[in-house]
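Student: Just the structure for this:
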Amino acid sequence: MTSIESAVGQRYARVAGILLLLSIVFGSWGEAYVPSKLIVSGDAAATAQRILASPFMFRTGFAAYLIEAACDVTLALVFYVLLRPVDRHIALLSAFLGIVATVTYAFAECFYFAPSLLLSGADYLKTFTPEQLNSLALLSMKFFERIAGIFLGFYGLATMLRGYLIYRSGYLPRTLGILLGIGGAAFVVQNFAIVLAPAYASGLLLVLMVPAGIAMMVWLLVKGLNAEKWQVAAARSDMLQT
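Tutor: So this is what the prediction gives:
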């Protein structure tokens, strides 16, 4: 195995670490912080007032998601390359599920951005009263939250499969695989709770993904993977496919 071949796996690992860092930073801003500052549950007037009072923050929340989405789509490819030597088909399935999750959340973000039109004061909106527009803006944000909850199931399944492949890989720590499996399972459970029993859905489940994401990011940035074992596994996988 040449030094160039050994560097390929490490390069992908470092790229994955950087993308995870960007995804965590921009996702925390766009998916968690900004909505929590703008949405007042059950109070349409207050929600509209906050959006109109902080238009730049509102728009940065959407912009942050665009960056995160680009990172997540790229991560689907990078993780496929990293984990394909373990099981090509499962790695491909996890990539597809990751992309479906990103597309689902992108659909939810359309509802997040809609209040910028509803509260714009445009002439074609004068047939609605201010109270009606405020209610529509809050309803749109509620749609955003609910559809975003559906994304959790796809992302959780993708994460569980990645955790399984990492656990089996031999060139990444099994602990990372276990943490990803737990975090992914929590997302899936939260998804089913939102759909089947909303009263019991708790954001506390989502916290279980935090240790997995941070640990994976730090490990890939600092340690990367065992390049020699990755290359051997990749060569063996290629031989089996021929």
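
Student: mind listing what's buried in the helix or strand of the chain with the lowest mean pLDDT?
Tutor: The least trusted helix or strand in the chain, going by mean pLDDT, DSSP states H and E, turns out to be helix 227-241, with a mean of 79. For helix 227-241, burial by neighbour count (16 or more other CB atoms under 10 Å) applies to 227, 230-231, 233-234. All C-beta atoms are positioned from the backbone trio N, CA, C, and that covers glycine.

Student: Stretch 120-128 now?
Tutor: The neighbour-count check on stretch 120-128 (16+ other CB under 10 Å) flags nothing as buried.

Student: for that stretch, the distance to its chain's centre please.
Tutor: How far stretch 120-128 lies from its chain's middle: 35 Å, per CA atoms, centre = their mean, to the nearest Å.

Student: what's the answer for stretch 41-57, then?
Tutor: The chain centroid and the centroid of stretch 41-57 are separated by 25 Å under CA atoms, centre = their mean.

Student: What helices and strands are in contact with the helix or strand residue 141 falls within?
Tutor: Here residue 141 sits within helix 130-169, counting by DSSP states H and E. Packing partners of helix 130-169 (3 or more CB pairs under 8 Å, 6 or more residues apart in numbering; DSSP states H and E): helix 34-38, helix 44-53, helix 55-83, helix 88-113, helix 115-118, helix 174-196, helix 209-222, helix 227-241.

Student: Can you give the contact residues for the first one?
Tutor: I take that to be helix 34-38. 47, 50-51, 54, 57-58, 60-61, 64, 112, 141, 144-145 (CB atoms under 8 Å, 6 or more residues apart in numbering).

Student: Let's see that with 6 Å instead.
Tutor: 50-51, 57, 61 (CB atoms under 6 Å, 6 or more residues apart in numbering).

Student: Need the CA coordinates for it. PDB is fine.
Tutor: Presented in PDB, the C-alpha positions along helix 34-38 are these (Å, rounded to 0.1, in the frame of the first residue of the first chain):
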ATOM      1  CA  VAL A  34     -33.100  31.200  16.000                       C
ATOM      2  CA  PRO A  35     -36.500  29.400  16.000                       C
ATOM      3  CA  SER A  36     -36.400  29.400  19.900                       C
ATOM      4  CA  LYS A  37     -36.000  33.200  19.800                       C
ATOM      5  CA  LEU A  38     -38.700  33.900  17.300                       C
END
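
Student: From residue 133, how far out is the residue located most distally from the centre of the chain?
Tutor: Each residue of the chain has a distance to the centre, and by CA atoms, centre = their mean the biggest one is for residue 127: 38.4 Å. In this view, residue 127 and residue 133 are 10 Å apart by CB to CB, to the nearest Å.

Student: And residue 21, by the same measure?
Tutor: Applying CB to CB, the value for residue 21 to residue 133 is 39 Å.

Student: more crowded one of these two?
Tutor: Counting neighbours by other CB atoms under 10 Å for residue 21 and for residue 133 shows that residue 133 has the greater number, 20 against 17.

Student: Does that one touch residue 118 like I think?
Tutor: Yes: with contacts counted by CB atoms under 6 Å, residue 133 reaches residue 118, the gap being 5.3 Å.

Student: tally of neighbours for the residue nearest to residue 148 when sequence neighbours are not counted?
Tutor: Nearest non-adjacent residue to residue 148, counting by CB to CB, 6 or more residues apart in numbering: residue 108, 4.2 Å away. As a burial measure, residue 108 scores 19 neighbours (other CB under 10 Å).

Student: cool, and the one 4 residues further on?
Tutor: Around residue 112 sit 26 other residues, with neighbours defined as other CB under 10 Å.

Student: what do you get for residue 222?
Tutor: 9.
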